[in-house]
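# need the 3D shape of this:
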Amino acid sequence: MSFTKATLFAATCLFASHAMAEPVIAEVVSAEDIEWGYLNPLRGEASPGAADLWGDRTKDGATGMLVRFNAGFSSPPHIHNITYKGIVINGQMHNDDPDAAEMWLPMGSFWTQPAGEDHITAAKGESNLIYLEIDSGPYLVQPSTQAFDNGERPLNLHRSNMVWLDNNDSHRLTAAGVQSTFLWGSTDIGQLNGSLVKLPAGFQGQVVSSASEFRAIVIKGSIVYSSANVDGDKNLTAGSYFSSEGEFNHTLAVPDSSEVTLYIRTNDKYEIK
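Numbering: from 1, shown residues only. Predicted structure coming up:
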């Protein structure tokens, strides 16, 4: 089964304030409407499930995808042709050298896996879901005999070791109770970076961006989403996605009973107000 955007709830709009204005493109993908395939189709049902949220993991380009694992899953040692970044959405994950002691990463943890490095991936929870991101493709699984050193080193960042701030160089957090932690990249304008953002229970506000690439994935909790290109409110649970290109306002509301964590990938500053 292949993943197709046509089977999702997705909204795309093109509009301009005047004839010379750049078009604005925005998209919303609900986790409940995703059609799943296999991360490694050659292994069939033995493979983790996978679904592209944006991009195409089989082609030469950046991609963000969801990957889910059965309880007790443990891969054989292997490498990838490209480096990837991962964030745990549900369950517990272990990703390290084949002989390393298990270090289980819970929801909200972050790790990187360098291209060419031999490793295993294992899952411990009853249900396990991650967001996986690559900056170039295609995403391939290859045997350990093809291992190589690309000069990068892996990172396993447990959520308990993250430092949360009320503000930083990548964006403005003017809404009360909002916090962020920087994960990777550069805060220079035009350079890509990734961060996690916490929205407190009861939050009602906007994420304002003028970036040429702005992507957000719900990692924890659920939000009520609305924007100029969506008819009515949309409930976005963990694994859902929204994005924009150009100047755009995303309106978010968080139920009083839960905190929300978003992962944001962008190449410009944004404001949460």
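# C-alpha only now, for contacts and for neighbours.
Will do.
# in the stretch 1-150 of the chain, which spans are strands?
Using DSSP state E, counting those that start in this stretch, the strands of the stretch 1-150 of the chain run over 25-29, 37-38, 49-54, 63-70, 79-80, 84-90, 93-96, 110-113, 120-123, 127-134, 141-142.
# out of these, flag the one nearest residue 175.
Evaluated with C-alpha to C-alpha, the strands of the stretch 1-150 of the chain place strand 25-29 nearest to residue 175, the distance being 22.9 Å.
# got the CA coordinates for the closest one in PDB?
Output of strand 25-29 as PDB, limited to C-alpha atoms (Å, rounded to 0.1, in the frame of the first residue of the first chain):
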ATOM      1  CA  ILE A  25       0.900  27.800   0.000                       C
ATOM      2  CA  ALA A  26      -0.400  26.100   3.200                       C
ATOM      3  CA  GLU A  27      -1.300  22.500   4.000                       C
ATOM      4  CA  VAL A  28      -2.900  20.600   6.800                       C
ATOM      5  CA  VAL A  29      -2.600  16.800   7.300                       C
END
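# ok, back up a step: JSON lines for the strands of the stretch 1-150 of the chain, including mean pLDDT, distance to residue 253 and mean neighbour count?
Putting those into JSON lines (pLDDT from 0 to 100; distance: least, C-alpha to C-alpha, whole Å; neighbours: other C-alpha atoms under 10 Å) gives the following:
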{"stretch": "strand 25-29", "mean pLDDT": "93", "distance to residue 253": "15", "mean neighbour count": "22"}
{"stretch": "strand 37-38", "mean pLDDT": "92", "distance to residue 253": "31", "mean neighbour count": "20"}
{"stretch": "strand 49-54", "mean pLDDT": "96", "distance to residue 253": "22", "mean neighbour count": "23"}
{"stretch": "strand 63-70", "mean pLDDT": "97", "distance to residue 253": "24", "mean neighbour count": "22"}
{"stretch": "strand 79-80", "mean pLDDT": "96", "distance to residue 253": "38", "mean neighbour count": "24"}
{"stretch": "strand 84-90", "mean pLDDT": "98", "distance to residue 253": "20", "mean neighbour count": "23"}
{"stretch": "strand 93-96", "mean pLDDT": "97", "distance to residue 253": "29", "mean neighbour count": "24"}
{"stretch": "strand 110-113", "mean pLDDT": "98", "distance to residue 253": "25", "mean neighbour count": "22"}
{"stretch": "strand 120-123", "mean pLDDT": "97", "distance to residue 253": "32", "mean neighbour count": "20"}
{"stretch": "strand 127-134", "mean pLDDT": "97", "distance to residue 253": "22", "mean neighbour count": "22"}
{"stretch": "strand 141-142", "mean pLDDT": "92", "distance to residue 253": "39", "mean neighbour count": "14"}
